[in-house]
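# sequence first, predicted coordinates after that:
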Amino acid sequence: MLTSYPNPKPWHPLVLTNPKTSSSFPCKTNKTSSKIAKENNDTKQSSAGKIKRHVLTNEGRCKLNTNPDREFYAYPRFVTHVDDNFIATLTNLYRERLRPGFEILDLMSSWVSHLPKDVTYKRVVGHGLNAQELAKNPRLDYFFVKDLNKDQKLEVGDSSFDAVLCTVSVQYLQQPEEVFAEVFRVLRPGGVFIVSFSNRLFYEKAINAWREGSAYCRLQLVVQYFQCVEGFTQPKIIRKVQGAGGAREDKSPFGWIMRLLGLLSGSDPFYAVIAYKNFKPVYE
């Protein structure tokens, strides 16, 4: 059972909360609700992308902190988890890949939006684990709270979104194959899934496979998440790595520790993996 905010009530798959008002989803877009309801009635069984193979071992899915994620994120963290250069790079990427009028699902979101402020989208739905953070996100029209490590089902109609985003959070997914399959389901044909991350993380909450891997290994891990779901296009990798003073990244163990502790003045490395459902659209 999910909970909508700010008016707590039992979750309904067609009702998402508008964080800017106390009203709920249908009072703003009844047509959209009716459309999703029809899609749900027409599709009795999930049409999530077929998982061809599982990427992670059971050990790779484990975390140092085994307490429920809802407890860890119970209190809001009104901080930014990456630096301004990372955010600017991500915003520019969104400007290039997300067209005005898109309907967007922002998975594992927070109080900060990385969408370009001057672009208007039809609908932005946020997901996360802390309602207070999501309610402060200025770009979210609606949001819902759900622990994807407990239940990967997104209670949203098939082909509901033009784009799905996941920013600096993929490292916490214990069932990424199922989540990526659900993303495939809720995307429209030609829809884009953008997964971005840096080298920062809540160490005790990241999965073993992520914590123990190098930057290259982490990129390949996300690529495999896409490849394990039938129907995604070949993933594209985007990297922007800059060390202190514009120098190349120090890849020594000492440099890794310094970056982990935030003691180097260089920009946070930027990594993104992008793929589309079925095909990459060509716009005029």
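In hand now; what should we look at? Numbering: from 1, shown residues only.

# distance check, the residue sitting nearest the centre point of the chain against L154.
Residue closest to the mean C-alpha point of the chain, counted by C-alpha atoms, centre = their mean, is C166 at 1.8 Å. Distance, C166 to L154, using C-beta to C-beta, to the nearest Å: 12 Å. All C-beta spots, glycine's among them, are computed from the backbone N, C-alpha and C.

# try F180
11 Å.

# before we move on, back to that, what secondary structure does the residue nearest to the centre of the chain sit in?
The three-state assignment at C166 reads strand, by DSSP: H, G, I helix; E, B strand; the rest coil.

# please tell me how far it sits from Y283.
23 Å.

# with Y271 instead?
25 Å.

# and for S109?
From S109 to Y283 the distance is 26 Å (C-beta to C-beta).

# which one's more surrounded, the two?
The residue with more neighbours, out of S109 and Y283, is S109; 26 against 5, by other C-beta atoms under 10 Å.

# for the more buried one, give me its contacts.
Shown in contact with S109 (C-beta atoms under 8 Å, 6 or more residues apart in numbering): 126-128, 133-134, 137, 140, 143, 165, 167.

# how about the residues you listed in a markdown table, adding secondary structure, distance to G191 and pLDDT?
Conversion of those to a markdown table gives the following (DSSP: H, G, I helix; E, B strand; the rest coil; distance: C-beta to C-beta, whole Å; pLDDT from 0 to 100):
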| residue | secondary structure | distance to G191 | pLDDT |
| --- | --- | --- | --- |
| G126 | strand | 17 | 95 |
| H127 | strand | 16 | 94 |
| G128 | strand | 21 | 91 |
| E133 | helix | 25 | 89 |
| L134 | helix | 22 | 92 |
| N137 | coil | 21 | 92 |
| L140 | coil | 19 | 94 |
| F143 | strand | 20 | 93 |
| L165 | strand | 11 | 97 |
| T167 | strand | 17 | 94 |
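
# for F279, grab the count of nearby residues.
Residues near F279, counting by other C-beta under 10 Å: 10.

# returning to what we had before: neighbour count for F180 and L154, which is higher?
F180 (30 against 24).

# just the pLDDT for G49.
Looking at G49, its pLDDT stands at 81.

# please enumerate the helices of the stretch 101-250 of the chain.
For the stretch 101-250 of the chain, the helices defined by DSSP state H, counting those that start in this stretch occupy 131-136, 176-186, 208-211, 215-227.

# out of the ones you listed, which one sits most buried?
Between the helices of the stretch 101-250 of the chain, helix 176-186 has the highest mean count of neighbours, a mean of 24, where neighbours are mean count of other C-beta atoms under 10 Å.

# where in the stretch 51-200 of the chain is pLDDT low?
72-81 (pLDDT under 70).

# make a ChimeraX selection of the buried ones in the contacts of S109.
ChimeraX command restricting the contacts of S109 to the buried ones, with burial defined by 16 or more other C-beta atoms under 10 Å:
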select :126,127,128,133,134,137,140,143,165,167
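
# turn the contacts of S109 into TSV, including distance to L115.
Below are these laid out as TSV (distance: C-beta to C-beta, whole Å):
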residue	distance to L115
G126	11
H127	15
G128	15
E133	16
L134	14
N137	10
L140	10
F143	14
L165	8
T167	10
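
# from the contacts of S109, pick the one nearest V192.
Of all the contacts of S109, V192 sits closest to L165, with 9.0 Å by C-beta to C-beta.

# tell me the contacts of the closest one?
94, 104-107, 109, 193-194, 196.

# again, but for K277
By C-beta under 8 Å, 6+ apart, the neighbours of K277 are 49, 184, 187-193, 231-233.

# can you rerun that using 6 Å?
Residues in contact with K277 (C-beta atoms under 6 Å, 6 or more residues apart in numbering) are 184, 187, 189, 191.

# how far away is it from F193?
Taking C-beta to C-beta, one finds K277 at 8 Å from F193.

# what about the residue nearest to P138 when sequence neighbours are not counted, how many neighbours?
Distance criterion C-beta to C-beta, 6 or more residues apart in numbering; nearest residue to P138, sequence neighbours excluded, is S113 at 5.9 Å. Around S113 there are 20 other residues, counting by other C-beta under 10 Å.
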